[in-house]
Every structure is written in structure tokens, then in C-alpha cells.
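> I would like the atomic coordinates for the input below:
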Amino acid sequence: MADVVQYRLERMVDELDDLEQRGLFSRREIAEIVKQRRKFEYRLKRPSPLKEDFLAYVEYETQLDALRRLRKKSVARELMKQGNKKLKKSKSDFAGLLRIMDIYELALKRYKGDIDLWFRYLEFCRLRKNGRMKKALANVIRFHPKVPGIWIYAAAWEFDHNLNVAAARALMQEGLRVCPTSEDLWVEYLRMELTYLNKLKARKVALGEDQGTLTRDPRSSDEKHWRDENSELFMPLGERGDGDGDDDRANVGSDESEKKQELFEERGMNIFQTVYGGAVEAVPSSLSLRKRFFEILEGTNLSHYEDMCKEILNDMKRDFSTQPEFWDWLARHECDLENDLEISEEGIIPQVEKAVQVYEEALENVPSGTMFCLYANFLTDIVAHKEGETNINGSSGHAANYISHLLLIYERAESMGCITEDLACKHVSLHLQLRQLDEARKLAAKLCSGKLAESVELWGLRITIEIRCTTKSSSPSDADLQSLFELLQQILMKVSVSKSENLWLKALKFYANQRQYFDKLVEISVVTLVRDGGSENGFSLSFAIVSFIFQKDGIQKTRDIYKRFLALPRPGLALYRHCIDLETNLASIGDKDGLINARKLYESALATYDQNVSLWQDYYRMETKMGTSEKANAIYWRARKVLKDASEFVTATDM
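The predicted structure is shown next:
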């Protein structure tokens with residue numbers, strides 16, 4: 001290995017001598033370059049070099065070559081000031097580029113399957129224009145013919161940089177034969193063909209042989225339509241009664257231009273229909289592909305444009321009428337809020353009505369919770385668009401009508417049995433936004449007693465509403481407190497602790513100063529923890545209760561309660577860690593029992609989690625900081641003996 005590395009370094013001598021003779025690098029800098037290259041070469045000659053080794057070498061050589069170019073420009077400027085000739089190209093000008101390519105090729109021989117590495121190499125070849133692009137593209141296609149992005153990249157290079165349309169078309173068509181189900185390939189092939197046709201059109205326009213383009217601007221088409229309707233308002237400049245001959249010649253020229261324009265438009269439409277037919281046949285079940293083709297068609301100005309749009313929409317309705325996503329896309333296409341920001345409110349109303357008609361038709365075909373949810377989201381977006389914000393309280397005019405319609409949609413979903421958790425929560429939230437607290441309370445109670453009786457999110461809304469109603473007065477009555485507690489007990493006993501985190505926190509916070517009800521919540525928590533077990537990480541109900549008791553009653557009662565929780569089956573590592581943190585914090589401020597209790601907690605936790613490396617590390621660090629060196633060493637050797645893989649424990653920075 002050393003001989004190979006030495007041989008490769010010796011081959012760099014001429015290049016390095018040239019750098020020194022030209023004054024681009026000093027002898028000390030060249031020695032550092034040799035040192036770095038030797039280090040990289042040894043890394044590449046290992047039995048199993050990593051991909052990162054090759055990339056690091058490439059990065060170093062790239063930066064070095066960039067520095068060489070900067071210094072060469074500086075030296076050239078100095079020579080120009082002195083009246084000398086320009087610097088001629090020499091071996092050092094090409095050596096860096098060749099070395100980078102060699103490193104890439106070595107890396108690709110070992111990592112042929114790494115697509116990211118191939119694209120790095122292709123981008124390097126494209127940017128540096130080193131003449132190896134065709135060979136690199138041929139190799140990557142040979143190794144990865146099933147990757148659509150490679151065919152697209154190769155065709156784009158031929159089309160944009162090599163200006164070879166025939167080769168780009170051949171690559172795209174071959175890619176479609178190999179990957180016929182790739183949506184991106186079909187879309188990019190269509191874009192390429194239409195772009196090429198548009199370039200031909202633009203060339204004729206530039207030569208004065210034609211006019212117009214194949215791209216469509218909605219504003220310009222609207223303006224043309226208005227000018228056609230009001231043609232009597234416009235009079236050509238220089239119009240005279242004796243210019244009939246000139247007018248005839250102008251009309252003949254315009255007729256020929258229109259024929260050429262129509263020819264291009266028909267050709268473009270033929271291309272679109274051919275590619276669209278092939279794509280639909282290859283991927284008949286893809287809704288997203290049809291939508292992308294439709295969006296491309298909308299941006300063009302092809303012949304029979306409107307007829308083709310109708311044909312695509314009819315095909316989509318025939319094939320995807322059972323998919324809610326299709327109806328949602330179709331309705332939002334009728335009312336494009338993002339592109340209609342400058343349209344007045346009166347102009348948007350007809351579009352919204354068309355979209356509503358589409359949603360109503362969709363509910364007849366797909367009466368589902370998803371369809372109702374998409375319908376409701378659309379109306380919510382309309383209201384927010386009109387009001388300028390999501391706060392819809394106090395809406396007036398048409399926005400108020402849409403809010404009423406939105407409420408009806410929620411009610412229809414419930415009556416048709418299509419209500420979902422998301423719809424129910426949005427329905428209740430809408431009443432809250434409208435400051436209809438009583439309606440929201442009744443609705444939440446009704447929904448929570450139906451098929452959504454175990455919906456934690458819906459119950460969270462209901463509990464929030466009940467708390468707001470209970471706390472309207474400064475001092476809630478015993479009946480209100482009891483009623484709210486019974487509601488909480490009803491849901492907390494049903495749902496697992498992992499799903500009801502927010503409900504538990506709301507309950508503990510609300511009853512923190514109500515000793516009678518807080519103790520009952522503790523008893524309920526014991527029952528649910530026995531049933532579900534503790535959490536290994538994340539939310540720990542037992543420690544949430546421990547924290548509330550610590551804030552209210554001090555450390556003694558806190559220790560009593562956490563010992564009770566730790567005595568339950570499967571208390572969970574999260575509880576152990578929280579209690580250990582509590583005791584170590586107390587020990588750090590002088591509590592004598594804190595360190596003793598922390599040790600007991602560590603020993604108890606390690607009895608169950610003896611293979612947890614971080615637990616052993618934390619125990620060792622605590623003894624190092626607060627305990628004695630003897631105990632710290634004892635824990636160190638115990639950990640090495642108990643852990644099956646003690647390497648991570650031993651190699652920790654502070655072990």
C-alpha cells in the first residue's frame with residue numbers, strides 16, 4: 001500500500017514544481033499539500049474506504065484548485081501591469097481537474113449503487129465542462145436504468161446544453177420504455193416537446209416570419225376578448241379612404257400569419273394528445289398525473305384548447321368519481337383563491353357558487369366523512385380569505401352566509417352518519433369562534449355521547465368548555481365541581497394514559513387546590529397506571545402528579561407518593577429519571593437525604609434496566625460530582641461487568 005501511495009505522489013512532482021515556479025504556492029505550502037494528499041491517499045487505500053473519504057478528498061482538491069485559479073489571476077494582473085505577456089496554460093492548470101475526476105471514478109467503481117454520488121459527478125462534469133459528460137451519462141444509465149431522474153437529467157443536458165433535440169427525445173422515449181409508470185418522465189417529456197415547439201415558434205417570430213407564442217397568458221386573452229367586443233372603439237393610425245390596396249396586402253399578410261399560427265397550435269395539440277394518451281394508458285390510476293397534464297395544458301395556447309380541457313375533465317370524472325381528492329381539486333379549480341387575490345368580492349361569488357355545486361355533486365357520489373371534511377375546509381378557507389384572518393367572529397355580508405352554510409355542512413355530516421372526530425372538533429370550535437358558548441357546550445355533550453364517545457380530542461374540547469362555564473363565577477359551586485369531576489372520571493377511566501395526556505394535565509391543574517378531588521384523581525391514576533403501565537419516555541402521569549404534590553405539600557409527601565407509584569407494576573423509566581433529577585437537585589442545594597434517595601432510585605432502576613448505558617453513565621457522573629471516588633469506581637467496574645456491550649460506556653468523554 002505504501003508503494004502505491006508513494007508512486008501516486010511521485011507523479012505529482014511536475015505539477016507541484018510548476019506551481020512553485022509560477023509563484024502560485026510557496027515551498028512550505030507545497031509541503032503541506034503533499035502532506036494532506038498523502039493522508040487522503042492512505043485513507044483511499046484502506047481495505048474498505050468510506051464514501052466520506054472520497055468526498056473529503058474531492059472537497060480538498062476543489063478548494064485547492066479554486067485557490068490556484070485565484071492566485072493565477074492575481075499573478076496575471078501583475079504581469080499585465082509590467083507589460084509582460086499573458087500566462088500560458090501549463091500542466092498545473094489541468095492536473096487538479098484530472099485528479100478530481102480520477103477520485104470520482106475510483107469512488108464510483110466502489111459505490112456503483114449510490115445515486116447521490118453519481119449526480120455529484122454529473123454536476124461536476126456539467127459545471128467544469130471537462131468533456132466526460134457523455135461517458136458519465138452512459139455509465140450511470142447502464143447501472144441505473146430504472147431511475148427516472150437519470151433519464152430526465154440526461155435528456156435535459158442534451159436539450160439545454162448540447163442543443164441536441166433528437167438525442168434528448170431519444171433518451172426520453174427510451175426512459176419511458178424502461179420506466180413506463182414514472183409520472184415525472186411523462187410530464188417532463190411533454191414539457192420538453194412543447195418547449196421545443198415554442199422555441200421554433202419564437203425563432204420564426206424573431207425572424208419576422210410569424211407572431212405570437214404557444215404560451216397562454218390569461219390576462220392577455222381577457223384583454224383580446226374585450227378588444228374584439230369593442231372593436232368599434234379602435235381605429236388604425238393613418239387610416240385613409242384611398243389606402244384600399246395597402247389594406248388588402250395587409251389582410252393577405254395577416255391571413256398567412258394566422259394560418260402559420262394555427263399550424264403551430266395544431267401541431268402542439270397533436271403532441272399533447274399523443275403524450276397524454278400514452279401516459280393515461282401507462283398509468284391509468286394516477287390522479288396526480290392527470291392534474292399535472294391539465295395544469296400544463298392551462299398554460300398553453302393550443303388549438304381546441306377548451307375542448308381538450310373538457311375531455312380531460314370528463315376522463316377524470318369517469319375514472320376518479322369515487323375519490324374525494326378529485327372532487328376537492330375540481331372544486332378548488334373552479335375557485336382559485338391564490339390567483340384571484342385582485343378580483344373583487346362580487347367577482348369571486350360566482351366562482352364560489354360553482355365550487356359549491358361541485359361539492360354538492362361530490363356528496364351525491366361520495367357521501368363520506370372525508371368528502372364532508374374537504375368541503376368544510378374549502379368553506380373555511382373562503383371565510384378566512386374574505387375576512388383576511390382566521391378569526392371569523394363578527395363576520396358580515398357574504399362571509400356570514402358562508403359561515404351559515406358551513407354550519408349546515410357539519411349538521412348534514414352528523415345526520416348522514418358521516419361525522420368524524422376532525423369534523424366534530426371543527427364544528428364545536430366554530431361555535432366557540434362565534435362566541436356561542438352554550439351551543440358549543442350542548443353540541444360537545446351530544447357528540448361525546450354518540451359514536452365519538454372515546455375521542456380524546458373531542459373530550460378535551462368539552463372539558464375546556466365545561467371549565468369555562470364553571471369558572472364564570474369567582475367561586476364554582478360544589479355541584480359544578482362534582483359534575484365536572486364525573487365527566488373527567490368517565491373519560492379518564494376509558495382512555496389509556498398515553499392518549500389522555502392533555503386531559504390529565506387539565507384535570508390536575510383545575511383541581512390542584514381542591515384536596516378532595518385531587519386525592520380522587522390520584523386514586524384514579526393508580527388504577528389506570530396499573531392497567532396501562534408507566535411510560536419509558538415522554539409524558540409520565542405519575543411524575544406529573546409528583547410535581548404537583550411537590551409544589552403544594554413539600555418533599556416529604558412527594559417522596560411518599562413517588563414511592564407508591566414506583567411500587568406499581570412497570571412504573572417506567574421516565575418516572576425513575578424524573579425522581580432522580582428531583583433528588584439530585586435537592587442534594588445539590590444541601591439536602592442530606594437527596595443523595596441517599598438518588599442512590600436508592602438508581603439501584604432500583606438498574607434492577608430493571610441494567611442494560612441502559614445512559615443510566616449507568618448518569619449514575620457514575622452523579623457519584624463523581626457528589627459522592628466519593630470509591631463509589632464512583634465501584635459503579636464503573638459494575639457497569640463494565642453487567643453491560644453486554646460496554647464500549648459506549650467506556651469511550652464516553654467523561655468516563
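> which residues does the residue most central in space within the chain contact?
With distances taken as Cα atoms, centre = their mean, Ser288 lies nearest the centre of the chain, 17.7 Å away. Listed by Cβ atoms under 8 Å, 6 or more residues apart in numbering, the contact partners of Ser288 are Glu183. Bear in mind the C-beta positions are built from the backbone N, C-alpha and C, glycine included.
> What are the buried residues along stretch 587-597?
Judged by neighbour count (16 or more other Cβ atoms under 10 Å), stretch 587-597 contains these buried residues: Ala587, Gly594, Leu595, Asn597.
> helix or strand right after the host helix or strand of Val275?
Here Val275, judged by DSSP states H and E, is contained in helix 244-282. Next in sequence after helix 244-282, counting helices and strands by DSSP H and E, comes helix 287-298.
> Give me the next element, helix or strand, following that next one.
helix 305-320.
> for this protein, what are the low-confidence residue spans?
For the chain, applying pLDDT under 70 flags the ranges 84-85, 208-261, 337-347, 386-397, 473-474, 537-538, 651-655.
> just how off-centre is stretch 187-200 within its chain?
In terms of Cα atoms, centre = their mean, to the nearest Å, the gap separating the centre of stretch 187-200 from the centre of its chain is 29 Å.
> List the buried residues of that stretch.
Neighbour-count burial for stretch 187-200 flags Val187, Glu188, Tyr189, Leu190, Met192, Glu193, Leu194, Leu197, Asn198 (criterion: 16+ other Cβ under 10 Å).
> Met192 versus the last one, what's the distance?
This points to Asn198. 11 Å (Cβ to Cβ, to the nearest Å).
> Then Met371?
Applying Cβ to Cβ to Met371 and Met192 gives a distance of 37 Å.
> same question, Asp532
Taking Cβ to Cβ, one finds Asp532 at 58 Å from Met192.
> Also Leu566?
For Leu566 relative to Met192 (Cβ to Cβ), the value is 68 Å.
> what does Asp184 give?
12 Å.
> So Leu44 is in contact with Glu52, correct?
No. Counting by Cβ atoms under 8 Å, Glu52 is not a contact partner of Leu44; they are 11.4 Å apart.
> Looking at the two, which is more packed in?
Leu44 (19 against 9; other Cβ atoms under 10 Å).
> which residues of the stretch 351-500 of the chain fall in helices?
369-387, 398-415, 421-433, 437-448, 456-470, 478-492 (DSSP state H, counting those that start in this stretch).
> Is it possible to get a markdown table of those helices that adds mean neighbour count and distance to Arg120?
Below are those laid out as a markdown table (neighbours: other Cβ atoms under 10 Å; distance: least, Cβ to Cβ, whole Å):
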| stretch | mean neighbour count | distance to Arg120 |
| --- | --- | --- |
| helix 369-387 | 20 | 41 |
| helix 398-415 | 17 | 51 |
| helix 421-433 | 19 | 43 |
| helix 437-448 | 18 | 55 |
| helix 456-470 | 19 | 46 |
| helix 478-492 | 16 | 55 |
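> With distance to Leu601 as added columns, please give those helices in a markdown table.
Below are the helices of the stretch 351-500 of the chain laid out as a markdown table (distance: least, Cβ to Cβ, whole Å):
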| stretch | distance to Leu601 |
| --- | --- |
| helix 369-387 | 48 |
| helix 398-415 | 51 |
| helix 421-433 | 40 |
| helix 437-448 | 40 |
| helix 456-470 | 31 |
| helix 478-492 | 27 |
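> To Lys641, which of those helices lies closest?
Each of the helices of the stretch 351-500 of the chain was scored for nearness to Lys641 using Cβ to Cβ, and the closest is helix 478-492 (43.9 Å).
> And the helix or strand following the closest one, what's buried?
Later in the chain than helix 478-492, the nearest helix or strand by DSSP H and E is helix 501-510. Under the neighbour-count criterion of 16+ other Cβ under 10 Å, helix 501-510 has Glu501, Leu503, Trp504, Lys506, Ala507, Leu508, Phe510 buried.
> ok, Arg318 to Ala136 distance?
Arg318 is 45 Å from Ala136, by Cβ to Cβ.
> who has more neighbours, those two?
Ala136 (22 against 8).
> A helix includes Ile348, no?
Yes. Under DSSP: H, G, I helix; E, B strand; the rest coil, Ile348 falls within a helix.
> From Glu466, how far out is it?
For Ile348 relative to Glu466 (Cβ to Cβ), the value is 39 Å.
> before we move on, what about Gln36?
70 Å.
> next one: Arg435
17 Å.
> Equivalent analysis for Ala66, please.
For Ala66 relative to Glu466 (Cβ to Cβ), the value is 67 Å.
> and if you look at Leu487?
For Leu487, the distance to Glu466 equals 6 Å [Cβ to Cβ].
> Find the nearest non-adjacent residue to Ser547, please.
Closest residue in space to Ser547, ignoring its immediate chain neighbours: His578 at 7.9 Å, by Cβ to Cβ, 6 or more residues apart in numbering.
> so what's that neighbour up against?
Applying Cβ under 8 Å, 6+ apart to His578 gives the contacts Ser540, Phe543, Val546, Ser547.
> secondary structure element for the last one?
For Ser547, the element it lies in under DSSP H and E is helix 541-553.
> Using CSV, write down the CA coordinates of that helix.
The C-alpha trace of helix 541-553 is given here as CSV (Å, rounded to 0.1, in the frame of the first residue of the first chain):
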residue,chain,number,x,y,z
LEU,A,541,-48.6,10.8,34.5
SER,A,542,-47.1,9.6,37.8
PHE,A,543,-44.4,12.3,37.7
ALA,A,544,-46.9,15.0,36.7
ILE,A,545,-48.7,14.2,40.0
VAL,A,546,-45.4,14.1,41.9
SER,A,547,-44.6,17.6,40.6
PHE,A,548,-48.0,19.0,41.6
ILE,A,549,-47.6,17.5,45.1
PHE,A,550,-44.0,18.8,45.4
GLN,A,551,-45.2,22.3,44.7
LYS,A,552,-48.1,22.1,47.1
ASP,A,553,-47.0,19.9,50.0
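> Lovely, talk soon.
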